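1. what follows is a predicted structure for the sequence shown.
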2 protein chains.
Amino acid sequence: MSLPSRINLVTLGVANVATSTAFYERLGWTKSPVSNDDVTFFYSEGTVLGLFGRASLADDANVNDLELGYSAVALAQNFASEAEVDEAYRHALACGAEPRKSPQKVFWGGYSGYFADPDGHLWELAHNPFISLDERGHMCLP
Amino acid sequence: MSLPSRINLVTLGVANVATSTAFYERLGWTKSPVSNDDVTFFYSEGTVLGLFGRASLADDANVNDLELGYSAVALAQNFASEAEVDEAYRHALACGAEPRKSPQKVFWGGYSGYFADPDGHLWELAHNPFISLDERGHMCLP
């Protein structure tokens, strides 16, 4: 027995499902019709992104809800060029994202920036010159 | 311009990269050879799971590192049956996962359990009778 190497769903606990849904729709995502007032689902090529009330998620997972803070989780989108990273980052800020780190050359040899969504969830936008993307935009990880 | 509906990489900030890497290897995942002492990458069919030191991630994203707590992010794996969820959950506990919620019938009509990895990151193991999985195990979201 082993757990499959697969992530079906990433669920972000959010303060207000409608507010966060509107943010991701501005970015350019389309929600699934299975979404409802309590939860939103966005399809993302193999992985579903879910938005769910923080208190509801804490209750569902049987953990205590804490004050909002650094979550020690970052989601990332990779792009084929530095110019595409710059364009996507500008778009995110125009949609109301909070800037965390402007796209720049970084120590590992790539180009990367960070923004935070309305609940502080971190997104990295990156170009990695050492890892190519396939026709679906997936990383061709060795 | 829009950001593509795509999650290339989910990075978990962890206290000890080697400890957490060993946990995910026990679950059954195989790390990429691009991994090194500071960061581990697991391929997961379109989404890469990364393990990175919490302080390093905080520094990289230009945020303050806080005490470990509920992160308001849950990762999920879906299975084709309740029996598969039970089997996977038992395997996770045998690998040292911390139980959070034993697999059980839940309010939305499915079957779900939660465990926490060595840093408290939440994983849900679920069977959703309303959403089928394709041949790659991806959710066929309407």
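-> Yes, it's here.

2. show me what contacts the residue positioned nearest the centre of chain A?
-> Central residue of chain A (CA atoms, centre = their mean): residue A:75, 4.3 Å from the mean position. Contacts for residue A:75 (CB atoms under 8 Å, 6 or more residues apart in numbering or on different chains) come out as A:10, A:49, A:121, A:122, A:123, A:124, B:7, B:9, B:10, B:11. From N, CA and C alone the C-beta is placed, and that goes for glycine too.

3. same check, this time on residue A:20
-> Counting by CB under 8 Å, 6+ apart, residue A:20 has contacts A:12, A:14, A:40, A:51, A:117, A:118, A:119.

4. try residue A:100
-> A:113, A:114, A:115, A:116, A:122, B:61, B:62, B:63.

5. of those, buried ones?
-> Among the contacts of residue A:100, those buried by neighbour count (16 or more other CB atoms under 10 Å in any protein chain shown) are A:113, A:114, A:115, A:116, A:122, B:61, B:63.

6. and the helix or strand hosting the third one, what does it pack against?
-> This means residue A:115. Assigned by DSSP states H and E, residue A:115 belongs to strand A:111-116. Helices and strands touching strand A:111-116, by 3 or more CB pairs under 8 Å, 6 or more residues apart in numbering or on different chains; DSSP states H and E, are helix A:82-94, strand A:98-105, strand A:122-127, helix B:54-61.

7. let me have the ones you listed in CSV, extended by mean pLDDT and distance to residue B:71.
-> Formatted as CSV, the helices and strands packed on strand A:111-116 follow (pLDDT from 0 to 100; distance: least, CB to CB, whole Å):
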stretch, mean pLDDT, distance to residue B:71
helix A:82-94, 93, 21
strand A:98-105, 93, 17
strand A:122-127, 90, 11
helix B:54-61, 77, 11
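
8. for the ones you listed, which one ends up most surrounded?
-> strand A:122-127 (a mean of 24; mean count of other CB atoms under 10 Å in any protein chain shown).

9. and that strand with chain B, contact?
-> Yes - using CB under 8 Å from any CB of the partner chain, strand A:122-127 reaches chain B at A:122, A:124, A:125.

10. hmm, who's touching that strand?
-> Outside strand A:122-127, the residues within contact range by CB under 8 Å, 6+ apart are A:71, A:73-82, A:84-85, A:88-89, A:92, A:97, A:100, A:103, A:110-117, B:3, B:9, B:11, B:61, B:63.

11. just the CA atoms of that strand, as PDB, please.
-> Taking Å, rounded to 0.1, in the frame of the first residue of the first chain, the C-alpha atoms of strand A:122-127 are listed here in PDB:
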ATOM      1  CA  LEU A 122       1.000  33.100  -0.800                       C
ATOM      2  CA  TRP A 123       1.400  32.800  -4.600                       C
ATOM      3  CA  GLU A 124       4.700  32.700  -6.300                       C
ATOM      4  CA  LEU A 125       4.900  33.500 -10.000                       C
ATOM      5  CA  ALA A 126       8.200  32.100 -11.400                       C
ATOM      6  CA  HIS A 127      10.300  31.400 -14.400                       C
END
